[in-house]
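K.L.:
structure, please.
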Amino acid sequence: MKAILSALVALLPAAVLAQTPDHASFYLVTHTLGGTDTIFAERVTRTGGEMSGELLDRVRGSRVEYAATLRGGALVSRLEMKGFRNASDTTPDVASFLIDGDSVIARVGKAAPAHIPSAPGALAVVNPSVAFIEQMVRRAIAIQGDTVGIPLFIAGTPQPIPLTVRRIAPDSVTLSYGAAVMRLAVSADGRVLGGSLPAQQLSIVRGPAVDAIAMAKPDYSAPDDAPYTAEEVVVRTAAGIKLTGTLTMPRGRVGGRAPAVVTITGSGPQDRDAHSVGLNAYRPYRELADTLGRRGIAVLRLDDRGVNGSDVGPLTVTSSDFADDIRAGVAFLRARPDVDGARIALVGHSEGGIVAPMVASTDSRLRGIVLMAGFASTGREIVRSQQLYAIDSMAHLTGDRRAAAIAQSERATDSIAATTPWWKHFLEYDPSSTARLVKAPVLILQGETDHQVPVSEAEKLAAAFRAGANPSVTVHTFPATNHLFVADSVGSFDYAKLPSLHVRREVLGAIADWLSAQFR
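P.N.:
I've put the predicted structure just below:
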C-alpha cells in the first residue's frame, strides 16, 4: 500500500511566453542512503506546435514515447503514446487521446474509442514527464495570476484532477496535484531549470540535449556467493496473462525436491523484488529470496501485471484477479520436478496480505501463509485511518480545516472508486470473512510504528482466522518497525529519509524460522 503524501505547490508571475530550446533532457534523481540514482531519464523536442520525446523508467527498464499537439493557451489538443515494457519489446502498447472541450476521446490498442469526462481547459499530460510539468508552468503563465487552478488530465486516469500553481518568487514556483509535491526553479519563459519533490527526496535535473537514452535491464541474478541459482521464468495464468519472474533454487538439495514460496507484492505496480519508484534501495523480496535460498527454500517472485515483461491485462483488474495470478504461480511450481508440490507456502505484504488468504481459502494443500502488514478491516477503514494520520499528525489540522480536509479526502476516495474497479473492490472487500475459511498455518507480522496499517490489525486478523477454527495462528510484532518492515522509530510516511531501507534482519529471520518449521 502506497504512502499518503502531503501536497503543497505553485506558480510564477504573469509573463509573456517566449520560445524554449528545441531540445532538452531531464532526469529524476533519488537521494537515498547518502547516494544518488537516476530513476527516470527523458529527452524532449519542441517544434512550433508540437512536442515529442521519450521517457525511460530506469528501474523497470520500460520506456514511453510520446507526441503532443499544442494549441493556444499552452494546452494539448492531441496526445499519442507508445509504451515499451522492456528493452527487447518490439510490440508497444499504443494509446491516443483527443482532447475536445470537456471530454477526452481515448483509443487504447485495438479497443473501441472511449469517451472520458473531462473539464473545460483541462491540460493533458504524461506522468511523470518533466516536459509536461514544464507545460503546466506554461499553462499557468498563459492564464496569469499569483495562484492558478488548472484541471489536469493524466493519460491513463479515469478523470481530471486539480492542479494548483502558485508563485513563490520571480524565478520559482510550486505545483500540487494528486500526491505530487514539487518546488521548481523556472525561467521567465516557463522553462523548468531544476526542482525537487522534498517529501520524496527526489530532484529534477535539466541537462543538455541527448540523441538517445540507454535502456537498462534490472539485475535479478543471484549473488556470486549464493548457494542457489536464479532462473528467469514465465508463468501463464488460466486467463492467458503472461507473468515474468525469477525462481531461486537451492543448490545441492537433499532428496532432490525443494520446498518453495511464492511472494505477493503490495498495491501499485511493482516488480518481482517489490521495489517502489523513489525507494531504490528497498527490495524486500530480493532480500527474502536470499535469506530463504540460504536455508534451502526455493522462491518464486513475479512481476506485477504491466511491469517488465508481464502482460498488462484488462483494466478492470481487482485483488481477486491478482489471487488468480498467484494461483498460477503455485501451479507452475507444482509442475516442476525439482519442487516439492506438497511443501509450498505464500508470503504477502500489504495488499499481498489480503491476496494470500484468498488463495489459501481455495487451496488446502498450501503448507502455510505469511502475512506482512495484512489487515482484517475493509479497505475503506484502512484508507480512513491513513487519511486521519496524515491530517492529524502530518498536516496538524484542527477545527473546521480538519473537518474540511476529512470531507475532501472521503469525496476523493469515493470519486476514484466510482470509476476504478480495483479501488471499489479494495474499499468494500472484507478480509476477515475470507480469513475464516483458511485452515493452513498462518504467521502474521506487523511493525509497531506502521501508520499505513495500524498495529491493532494484527490481532484483529488473528482473531478472524481463529474464528474459523484455524489451529495454528501466530502473531509477531516488531518495535520501531514501519510498514516496509525497516527500522523506523517514528513511522513517518517519508521513507526516503530513513538511514536504511533494508528489511530488518529480525523480520527475515522470523519468516525463515517459521517456514522452515512448516516445511519439516
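K.L.:
burial of the residue lying closest to Leu70 once chain neighbours are set aside, as a residue count?
P.N.:
In space, and not counting its chain neighbours, Leu70 is closest to Gly49: 4.7 Å by CB to CB, 6 or more residues apart in numbering. C-beta coordinates here come from the backbone N, C-alpha and C atoms, glycine included. Applying other CB atoms under 10 Å, we find 11 residues neighbouring Gly49.
K.L.:
the domain parsing of this structure - what is it?
P.N.:
Under the assignment automatic domain parsing, the domains of the chain span 23-207, 228-377+430-519, 379-428.
K.L.:
just the endpoints, please. Distance across the last one?
P.N.:
Just to be clear, that refers to domain 379-428. End-to-end distance of domain 379-428 (CA to CA, to the nearest Å): 6 Å.
K.L.:
quick revisit: for the residue nearest to Leu70, what are its contacts?
P.N.:
Thr69, Leu70, Arg71 (CB atoms under 8 Å, 6 or more residues apart in numbering).
K.L.:
list the buried residues in the helix or strand hosting the second one.
P.N.:
Under DSSP states H and E, the secondary-structure element containing Leu70 is strand 62-71. Using 16 or more other CB atoms under 10 Å as the burial criterion, the residues of strand 62-71 that qualify are Ser62, Arg63, Val64, Glu65, Tyr66, Ala68, Thr69, Leu70.
K.L.:
now the helix or strand just after it: mean pLDDT?
P.N.:
Using DSSP H and E, the helix or strand that follows strand 62-71 in sequence is strand 75-84. Throughout strand 75-84, pLDDT has a mean value of 93.
K.L.:
other SSEs contacting strand 75-84?
P.N.:
Under the contact criterion of 3 or more CB pairs under 8 Å, 6 or more residues apart in numbering; DSSP states H and E, strand 75-84 touches strand 62-71, strand 93-100, strand 123-125.
K.L.:
can you pull the buried residues of it?
P.N.:
Counting neighbours by 16+ other CB under 10 Å, one finds that the buried residues in strand 75-84 are Leu75, Val76, Arg78, Leu79, Glu80, Met81, Lys82, Gly83, Phe84.
K.L.:
what's in contact with it?
P.N.:
For strand 75-84, contacts defined as CB under 8 Å, 6+ apart pick out 62-71, 92-100, 121, 123-126, 135, 139, 155.
K.L.:
can you list the buried residues of strand 75-84 in JSON lines and add distance to Arg402?
P.N.:
As requested, the buried residues of strand 75-84 are exported to JSON lines (distance: CB to CB, whole Å):
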{"residue": "Leu75", "distance to Arg402": "36"}
{"residue": "Val76", "distance to Arg402": "37"}
{"residue": "Arg78", "distance to Arg402": "42"}
{"residue": "Leu79", "distance to Arg402": "38"}
{"residue": "Glu80", "distance to Arg402": "44"}
{"residue": "Met81", "distance to Arg402": "40"}
{"residue": "Lys82", "distance to Arg402": "45"}
{"residue": "Gly83", "distance to Arg402": "41"}
{"residue": "Phe84", "distance to Arg402": "45"}
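K.L.:
quick check, central residue of the chain?
P.N.:
Among the residues of the chain, Gly268 comes closest to the average C-alpha position under CA atoms, centre = their mean, at 3.5 Å.
K.L.:
can you give the contact residues for the helix or strand harbouring Leu288?
P.N.:
Using DSSP H and E, Leu288 falls within helix 284-293. The set of residues external to helix 284-293 that reach it, using CB under 8 Å, 6+ apart, is 220, 222-223, 226-228, 246, 248-250, 261, 263, 265, 272-274, 298-299, 301, 347, 349, 484-485, 502-503, 508-509, 511-512, 515.
K.L.:
of the residues you listed, select the buried ones using a ChimeraX command.
P.N.:
Command for ChimeraX that selects the buried part of those, burial taken from 16+ other CB under 10 Å:
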select :220,222,226,228,246,248,249,250,261,263,265,272,273,274,298,299,301,347,349,484,485,502,503,508,511,512,515
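K.L.:
pLDDT weak spots in the stretch 101-250 of the chain?
P.N.:
178-180, 199-201, 212-217 (pLDDT under 70).
K.L.:
could you pull out the helices for the stretch 51-200 of the chain?
P.N.:
130-143 (DSSP state H, counting those that start in this stretch).
K.L.:
measure how buried the closest residue to Val137 other than its chain neighbours is and give me the count.
P.N.:
Closest residue to Val137 apart from its sequence neighbours, by CB to CB, 6+ apart: Gly190 at 4.8 Å. Gly190: 22 surrounding residues under other CB under 10 Å.
K.L.:
isn't Gly190 up against Ala131?
P.N.:
No: using CB atoms under 8 Å as the test, Gly190 is too far from Ala131 to be in contact (11.5 Å).
K.L.:
now do the SS call for Glu410.
P.N.:
Of the three states, Glu410 takes helix according to DSSP: H, G, I helix; E, B strand; the rest coil.
K.L.:
so what's it up against?
P.N.:
By CB under 8 Å, 6+ apart, the contact set of Glu410 is Arg384, Gln387.
K.L.:
what does the model give it for pLDDT?
P.N.:
Predicted confidence (pLDDT) for Glu410: 83.
K.L.:
with Val383 as the reference, measure out to it.
P.N.:
As defined by CB to CB, to the nearest Å, Glu410 lies at a distance of 9 Å from Val383.
K.L.:
one more: Gly240?
P.N.:
Following CB to CB, the distance that separates Gly240 from Val383 is 32 Å.
K.L.:
the more surrounded of those two?
P.N.:
Val383 (21 against 8).
K.L.:
the more buried one against Ala417, yeah?
P.N.:
No: counting by CB under 8 Å, Ala417 is not a contact partner of Val383; they are 9.8 Å apart.
K.L.:
who touches both of these two?
P.N.:
Common neighbours of Val383 and Ala417 (CB under 8 Å, 6+ apart) are Leu427.
K.L.:
related to what we said a few turns ago, tell me which of the helices and strands packed on strand 75-84 lies nearest to Val473.
P.N.:
Relative to Val473, the nearest member of these by CB to CB is strand 62-71, separated by 39.7 Å.
K.L.:
who are the packing partners of the closest one?
P.N.:
strand 50-57, strand 75-84, helix 130-143.
K.L.:
among those, which is nearest Val317?
P.N.:
Evaluated with CB to CB, those place strand 75-84 nearest to Val317, the distance being 16.7 Å.
K.L.:
circling back: pick the most buried one from the domains of the chain.
P.N.:
Highest mean neighbour count among the domains of the chain (mean count of other CB atoms under 10 Å): domain 228-377+430-519, with a mean of 20.
K.L.:
quick check: mean pLDDT of stretch 38-58?
P.N.:
On average, stretch 38-58 scores 88.
K.L.:
how long is it end to end?
P.N.:
Per CA to CA, stretch 38-58 runs 7 Å from first to last residue.
K.L.:
return the distance of that stretch from the chain's centre.
P.N.:
The chain centre lies 22 Å from the centre of stretch 38-58; the measure is CA atoms, centre = their mean, to the nearest Å.
K.L.:
got it, and stretch 189-200?
P.N.:
Using CA atoms, centre = their mean, the offset of stretch 189-200 from its chain centre is 22 Å.
K.L.:
now do stretch 95-109
P.N.:
Taking CA atoms, centre = their mean, one finds stretch 95-109 lying 25 Å from the centre of the chain it belongs to.
K.L.:
before we move on, what about stretch 258-278?
P.N.:
Remark: stretch 258-278 is offset 11 Å from the chain centroid, using CA atoms, centre = their mean.
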